[in-house]
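Engineer: Output the structure for:
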Amino acid sequence: MTESPFGPPGDTEGMSGTVAGSHVYADNGTYTVILTVTDDDMAETSDTLTVTVNNVLPTVEAGADQIDGEGSVVSLAPPCLMM
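Structural biologist: Alright, predicted model coming up:
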């Protein structure tokens, strides 16, 4: 999480600014995000938004590493998971 401008507590210079952050989503879906900002006097406010994630790259868990020669058939014991 980053913020701009940044100054010492109680500083009123540059009263407006931006807040930026990021998050990596594990799967496609619709997610609710709540952003809460707290100032140096411990006053806080929140805002809610909806994020829709499409086309997340798949990951594969194929078990333990194996070494075999070129052209050989490799058998994978269940469970092999595609997430």
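
Engineer: Let me see the contact set for Gly69.
Structural biologist: Under the criterion of Cβ atoms under 8 Å, 6 or more residues apart in numbering, the contact list for Gly69 is empty. Every residue, glycine included, has its C-beta placed from N, CA and C.

Engineer: Please identify the helix or strand for Asp27.
Structural biologist: Assigned by DSSP states H and E, Asp27 belongs to neither a helix nor a strand.

Engineer: Against Thr59, how distant is it?
Structural biologist: Per Cβ to Cβ, to the nearest Å, Asp27 is found 10 Å from Thr59.

Engineer: quick one, helices of the chain?
Structural biologist: Counting by DSSP state H, the chain has no helices to list.

Engineer: lowest confidence element among the helices and strands of it?
Structural biologist: Ranked by mean pLDDT, DSSP states H and E, the weakest helix or strand in the chain is strand 81-82, scoring a mean of 56.

Engineer: So which residues of the protein form strands?
Structural biologist: Applying DSSP state E to the chain gives strands spanning 2-4, 18-20, 29-38, 44-53, 60-61, 81-82.

Engineer: Lowest average pLDDT across those?
Structural biologist: Ranked by mean pLDDT, the strands of the chain end with strand 81-82 at the bottom, a mean of 56.

Engineer: residues contacting Val53?
Structural biologist: By Cβ under 8 Å, 6+ apart, Val53 lies in contact with 25, 27-31.

Engineer: Pick the one among these closest to Gly63.
Structural biologist: Lowest distance from Gly63 to the contacts of Val53 (Cβ to Cβ) belongs to Asp27, with 21.4 Å.

Engineer: Tell me which residues touch the nearest residue to that closest one once chain neighbours are set aside, please.
Structural biologist: Computed as Cβ to Cβ, 6 or more residues apart in numbering, the closest residue to Asp27 that is not its neighbour in sequence is Val56, at 5.7 Å. Residues in contact with Val56 (Cβ under 8 Å, 6+ apart) are 25-28.

Engineer: so which of those comes closest to Ile67?
Structural biologist: Of these, the one sitting nearest to Ile67 (Cβ to Cβ) turns out to be Ala26, at 30.1 Å.
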